[in-house]
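> return a 3D structure for these sequence lines:
(2 chains)
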Amino acid sequence: MNGEPIVAVNAGLQALLTSLRSNPYALDSVHLAITTFDSEIKEVLPMTAVADVTLPEITCPKSGATLLGAALEHIFEQVQRDVRKTTSAEKGDWKPILVILTDGKPTDTLAFSEVIPRLQSCGFAKIVACAAGPKADPAQLKRLTEHVVSLDTMDASSFSKFFEWVSATFSKDSQSRGATASVDLPPPPPEVNIVV
Amino acid sequence: MAANIVTLIASDGSTVRFINEIKAQGGVKDVMFSPDGGYVVAFFREKADSLARDRLLEITGRYREKIFNQEGGDYLRNLYCWPTAVVEYEGRLGVVVPFYRDCFFFEFGSRNNDMLGIRRKEKVGKWFATPGHRTKFLDQRELGDWMRHLKVCVMLARAVRRMHMAGLSHSDLGYNNCLIDPTTGQACLIDIDGLVVPGRHPPAVIGTPDFIAPEVVMTSHLAKDDEKRKLPSRTTDLHALAVLIYMYLLYRHPLRGDKIHDPDDSQRDEELMMGARALFVEHPTDTSNRVNAANLKESELPWKDTAKIPYKVTGPYLAGLFERAFIDGLHDASKRPTADEWETALVKTVDLLQPCSNPNCGQKWYAFDNKQAPRCPFCGTPHRGKLPVLNLYSSHTKGKFLPDNHRVMVYSGQSVFRWHENRFVFPNEKLSANDAKRVGYFIEHSGDWFLVNERLPRMRDLRGGQDVPAGARVLLDEGAQILLSPEPGGRLVVVQMAGN
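Got it, this is the predicted structure:
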């Protein structure tokens, strides 16, 4: 990812952080962690309360592998390490939400396939994946989660709408609950396609 | 890009215009703004059906008139953001709602030149009910004091009481649906389109987490038409109201304690905590859901430490209602205090307030604790000087006065009003402008306190056996008896002295 798309992702993250900070529920409870993946896995933001987050600039190499499998391995370990479990003395953390954003296909397919069941059973409240642009493969992401959205274009406005949606997902638990529906994702913005 | 403005004719025949761009999203609605910012149009995301249309037409029509076209209607306009008309656009129903008043948007926002970027955003109650947000983030000019928080609660209780009197329930009370302004002590109910009319319009939502009554949480997995399913109603509003009042006065949730109900599943743990196994964190005998102060963050202290700030600091009238709401009535909806009881207790608690003499006290006011030597429960500062306590009695049959369980604390700036003079007068939306004026006041002179009569025609010092005409004053000391009015319902004041 390069040029406008990566600028838009950084801007989107900033907007997400601003939105979480101006929401009194999120400010009180949400922690963020960011891991980037290309041919390397980097935990660019360790688990941090939104009030204390300083966003790193996300950068990407021009070409190379997309080690999504290894990235998810890392996430799995991070969840084991950083998400506090309920003990007999203290309540643990809420179930985490995982948001995956990629413009490519996983190149470490074996690792990716292996990590899917582990990730699905490690207690995420929700996994949301976004396939951005023409090279991304929503079908691969669909194996991991039913909540896959695809962005046809990788421009600033699509990303900003996507991050708005992510932010709404984070805020959802503090809103009115319908009498019929269970816990749903908020409706996606019109420019994002939900992959079914 | 030129904004796309849509023009429609609303149900009441008025012309409604809005900019076709979602400005905010709620649980079930998308909100668009009018070009002049005078109102918003909130569209339901679900397709229009005739039942929903009927409900909205009733809310904007008949129910609206029932509330506003009666005595006190003008006063009530400030307590609700009531939808005025229904529109339909592209198969979806919308309601036209007046824009919120300015006082419900942050003027200063957060500290450090509004580091969170919340200036001009809505004053959602959660900001003010979270100790960490108060101490770390909100600009101090936004916080108000404890008296204003009490007044916010009076307004909320009044708004809910008036709605219940009209046979309506809100069904989704929570801090997202009531805006509050602790700097002036005002509150306003919003999102009124979810109103429930028993037997006619069933609820569309079950409420907002933290405020949903235990019986609704417990049965939310059942089908909507299942006999055992409990849906929002007047009594669930009363649970939400009690939670709101508790949170605005004590900055913590009454059921969110450290008891673990399911160690393996945090969602189920939450459901049990708010539902089947809901337990008051300050239950007098079952201490299993106490908040463990050792696990608290610095910024949450002392508020979340119930041993430091127990619910009893709210004074005897409110403490009694909290016990009914969270002990007796938590799992027995019929025992919950009504909105009317809350309103009365809150108004009476205003009379128990004493200013804290510590200029740095964050709360500035506290309720009298019935102690000979009172101290501020929030900062620990003791009261200085004499403190006359007026006990109110009223005449039931001629010459026979019974206690009203109502005390008035004296401080500089405190006044006597018509509702102190006569038990048939109550300060609510029906109070006339004339009855809202003070009838007497208190002054301190050389360490003694006096009650000065301003407008009471037949005030009498019974112990001294003298009339106290307007302009005259009477010393407040132990055992003084002052008749404010000999009329039916007229009050007799018996003075006790506290302080030093």
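> surely B:Asp237 meets B:Gly174?
No - using CB atoms under 8 Å, B:Asp237 is not in contact with B:Gly174, being 10.5 Å away. The C-beta positions use only the backbone N, C-alpha and C, and glycine is treated the same way.
> could you pull out the strands for the stretch 401-500 of chain B?
B:415-416, B:440-445, B:448-453, B:460-461, B:466-467, B:473-476, B:481-483, B:491-499 (DSSP state E, counting those that start in this stretch).
> wait, which of those strands is closest to B:Ala159?
Checking those against B:Ala159 by CB to CB gives strand B:415-416 as the closest, at 25.0 Å.
> and the contacts of that closest one?
Contact with strand B:415-416 is made by B:Val408, B:Arg438, B:Val439, B:Gly440, B:Tyr441, B:Phe442, B:Leu451, B:Leu456, B:Leu484, as judged by CB atoms under 8 Å, 6 or more residues apart in numbering or on different chains.
> number of nearby residues for the third one?
This means B:Val439. B:Val439 has 22 neighbours, counted by other CB atoms under 10 Å in any protein chain shown.
> next one: the nearest residue to it once chain neighbours are set aside from B:Val416, what distance?
Using CB to CB, 6 or more residues apart in numbering or on different chains and skipping the chain neighbours, the partner closest in space to B:Val439 is B:Arg455 (4.5 Å). Applying CB to CB, to the nearest Å, the value for B:Arg455 to B:Val416 is 9 Å.
> and for these two, which residues touch both?
B:Arg438, B:Val439, B:Gly440.
> pretty sure the second one sits against B:Val452.
No - under the criterion of CB under 8 Å, B:Val439 makes no contact with B:Val452, lying 10.2 Å away.
> the longest helix that chain B contains near chain A at all?
Scanning chain B for the longest helix, with DSSP state H as the assignment, gives helix B:146-165. No - figure legend: helix B:146-165 not in contact with chain A (CB under 8 Å from any CB of the partner chain); closest approach 16.0 Å.
> for that helix, which helices and strands make contact with it?
Of the remaining helices and strands, those touching helix B:146-165 by 3 or more CB pairs under 8 Å, 6 or more residues apart in numbering or on different chains; DSSP states H and E are strand B:178-181, strand B:186-189, helix B:234-250, helix B:339-350, strand B:353-355, strand B:365-367.
> B:Tyr411: neighbour count?
16.
> how near is it to B:Phe368?
10 Å.
> okay, and the common contacts of the two?
In contact with both B:Tyr411 and B:Phe368: B:Leu353, B:Gln354, using CB under 8 Å, 6+ apart.
> where does the prediction get shaky in the chain?
Answering for chain A, as no chain was given. A:171-196 (pLDDT under 70).
> wrong one, chain B
In chain B the weaker segments, taking pLDDT under 70 as the threshold, are B:1-3.
> give me that answer again for 80
B:1-3, B:25-28, B:194, B:197-202, B:204, B:397-399, B:499-500 (pLDDT under 80).
> ranges for the helices of it?
With DSSP H as the criterion, chain B has helices spanning B:50-58, B:64-68, B:73-76, B:111-114, B:131-132, B:146-165, B:214-218, B:234-250, B:266-274, B:316-323, B:339-350, B:418-421.
> winner for burial among those helices?
For the helices of chain B, average neighbour numbers computed from mean count of other CB atoms under 10 Å in any protein chain shown are highest in helix B:234-250, which has a mean of 25.
> I'd like to know which elements that one is packed against.
Helix B:234-250 packs on helix B:146-165, helix B:214-218, helix B:316-323, helix B:339-350, going by 3+ CB pairs under 8 Å, 6+ apart.
> okay, the longest helix that chain A contains in CSV with CA atoms only?
Taking DSSP H as the criterion, chain A has its longest helix at helix A:4-21. In CSV, the C-alpha atoms belonging to helix A:4-21 read as follows (Å, rounded to 0.1, in the frame of the first residue of the first chain):
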residue,chain,number,x,y,z
GLU,A,4,-3.1,8.0,-1.2
PRO,A,5,-4.2,4.7,0.4
ILE,A,6,-1.7,4.6,3.2
VAL,A,7,-2.1,8.3,3.8
ALA,A,8,-5.9,7.6,4.0
VAL,A,9,-5.3,4.7,6.4
ASN,A,10,-3.3,6.9,8.7
ALA,A,11,-5.9,9.7,8.5
GLY,A,12,-8.6,7.1,9.2
LEU,A,13,-6.8,5.8,12.3
GLN,A,14,-6.5,9.4,13.6
ALA,A,15,-10.2,9.9,13.0
LEU,A,16,-11.0,6.7,14.8
LEU,A,17,-8.9,7.7,17.8
THR,A,18,-10.5,11.2,17.8
SER,A,19,-13.9,9.6,17.7
LEU,A,20,-13.1,7.2,20.5
ARG,A,21,-11.7,9.9,22.7
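> residues contacting residue 66?
Here I'm looking at chain A. In this structure, A:Thr66 makes contact with A:Phe37, A:Asp38, A:Thr102, A:Gly104, A:Lys105, A:Pro106, A:Thr107, judged by CB under 8 Å, 6+ apart.
> let's do chain B instead
B:Lys66 neighbours (CB under 8 Å, 6+ apart): B:Ala166.
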